[in-house]
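S.K.: Pasting a predicted model and its sequence here:
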Amino acid sequence: MIRKLAEQIEQRFAELERDMSDPEVINDRKRYAEVGREYRQIAPAYKLVTEYNTLADDLEGARELLEEAGDDDELQRVVHEAPARMAELDEAIRLAMVDSDPNDDKNVIVEIRAGTGGDEAALFAGDLFKMLTRYAGERGYSYEVLSQSAAEQGGFKDVTIAVKGEGAYSVFKYEGGTHRVQRVPETESQGRIHTSTATVAVLPEAEEVEVQIDQNDLQIDVYRSSGPGGQSVNTTDSAVRITHKPTGVVVSMQDEKSQLQNREKAMRVLRARIYERQLAEQHAEIASERKAQVGTGQRSEKIRTYNYPQGRVTDHRIKYTSHDLDGVLNGSLNEFTDALAGEEKRQLLEAQAL
């Protein structure tokens, strides 16, 4: 089975390499982008296949030489160690070829909201904002703040950012859910540990062609801004509230001085939220057949706890704990992303085998 899969991977990789240097493909920007995307996706599997084939050849050669020449420590080592590594590569190749989420290459819109805990929840929402934007920078992504509502004591009541970069959704989708913090607030005179929460929603940013919105289904209200925005605050009707009447989804935007800019940002968020609803409906239909998600990503689901007294961060979906709290809050989330992605692929592989 693995031999056949390995041959298919080698054949497809060779075809993509030829396409990447084909003048016709190069001159077709859309086609070239598609080929490049698939090439990058299959490259890790091809690398694993190359190592597997090399080991298989080494093992076969070592066995033949041992039959002819008798004992040899190096050959014995190959015969002893190669099968275990080949078994690891077998699983790794299968996991690498599991169908990826079609949204993985998309940019994302990330909404962070203070949950239970009052001022401390708002401060924690601010901590999550710093953590996720630093992580975006670490991964080479850019981000922009679409809207924000600052809390009086610091942090945010809510803040929405757009993260742009290849594979952004594949990285940030694991951050969706309820994040919980356990720490002693600065205002706590008795030194008691408080528990607060903040919710994160991660939405794949949808293009206009993916979400058809009838303008007749929109109710657009304009009003005067009440927050940051420069000289236009409280003097012009620059803030925008868009209501999608069929779904009841409401998006408000007021950070920009221009009503047009606020409307464009609001439509981006509106498209993403409606697209997410459509995806949720699709996932619900196939949930019984494809139990593949690591958690649901719903904001009501507690996904991670940040425990300050013990300096640890625990992801409850995969029972994974890091003891580098400061590093995680500074954006070092790769270990969580890798572990969650691996678990998701394993679950997908099991589902496909049913």
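M.R.: Structure received.
S.K.: Now do the strands in the stretch 51-200 of the chain.
M.R.: 108-114, 142-150, 156-164, 177-183, 194-204 (DSSP state E, counting those that start in this stretch).
S.K.: Adjacent strands (with direction) for the second one?
M.R.: When sheet partners are counted by DSSP bridges, strand 142-150 sits next to strand 156-164 (antiparallel).
S.K.: buried sites along the strand it pairs with?
M.R.: Going by neighbour count (16 or more other CB atoms under 10 Å), the buried part of strand 156-164 is Phe156, Asp158, Val159, Thr160, Ile161, Ala162, Val163. Backbone N, C-alpha and C define where each C-beta goes, glycine included.
S.K.: Stretch 116-136 too?
M.R.: So for stretch 116-136, counting by 16+ other CB under 10 Å, buried means 117, 119-129, 131-133, 135-136.
S.K.: ok, residues contacting it?
M.R.: Contact with stretch 116-136 is made by 110, 112-115, 142-143, 151-159, 161, 163, 165, 168, 171-172, 175, 179, 181, 185, 187, 194-198, 200, 306, 328-333, as judged by CB atoms under 8 Å, 6 or more residues apart in numbering.
S.K.: Give me the average confidence score over it.
M.R.: In this model, stretch 116-136 carries a mean pLDDT of 94.
S.K.: how about the CA coordinates for that stretch, as CSV?
M.R.: What follows is stretch 116-136 as a C-alpha-only set of coordinates in CSV (Å, rounded to 0.1, in the frame of the first residue of the first chain):
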residue,chain,number,x,y,z
THR,A,116,-16.2,36.6,32.2
GLY,A,117,-14.0,38.4,34.7
GLY,A,118,-14.7,42.1,34.3
ASP,A,119,-11.6,44.3,34.0
GLU,A,120,-9.3,41.2,34.3
ALA,A,121,-11.0,39.6,31.3
ALA,A,122,-10.4,42.8,29.2
LEU,A,123,-6.7,42.8,30.2
PHE,A,124,-6.5,39.1,29.2
ALA,A,125,-8.1,39.9,25.9
GLY,A,126,-5.3,42.4,25.4
ASP,A,127,-2.8,39.7,26.3
LEU,A,128,-4.3,37.4,23.7
PHE,A,129,-4.2,40.2,21.1
LYS,A,130,-0.4,40.7,21.8
MET,A,131,0.2,36.9,21.7
LEU,A,132,-1.6,36.4,18.4
THR,A,133,-0.2,39.4,16.6
ARG,A,134,3.3,38.5,17.7
TYR,A,135,2.7,34.9,16.5
ALA,A,136,1.6,36.4,13.2
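S.K.: Leu203: neighbour count?
M.R.: Using other CB atoms under 10 Å, the number of residues around Leu203 comes to 29.
S.K.: cool, and Lys265?
M.R.: 23.
S.K.: same question, the one 5 residues further on
M.R.: Residues within reach of Leu270, counting by other CB under 10 Å, total 22.
S.K.: What of Phe336?
M.R.: Phe336: 21 neighbours (other CB under 10 Å).
S.K.: For Pro204, give me its contacts.
M.R.: Going by CB under 8 Å, 6+ apart, the list of residues near Pro204 reads Asn103, Lys106, Asn107, Val108, Tyr169, Lys173, Ala272, Tyr275, Glu276, Leu279.
S.K.: Please read off the pLDDT at the residue lying closest to the first one once chain neighbours are set aside from the model.
M.R.: For Asn103, ignoring the flanking residues on the chain, the nearest one in space by CB to CB, 6 or more residues apart in numbering is Pro204 at 4.0 Å. Pro204 is assigned a predicted lDDT (pLDDT) of 87.
S.K.: Next: Asp22.
M.R.: pLDDT, Asp22: 91.
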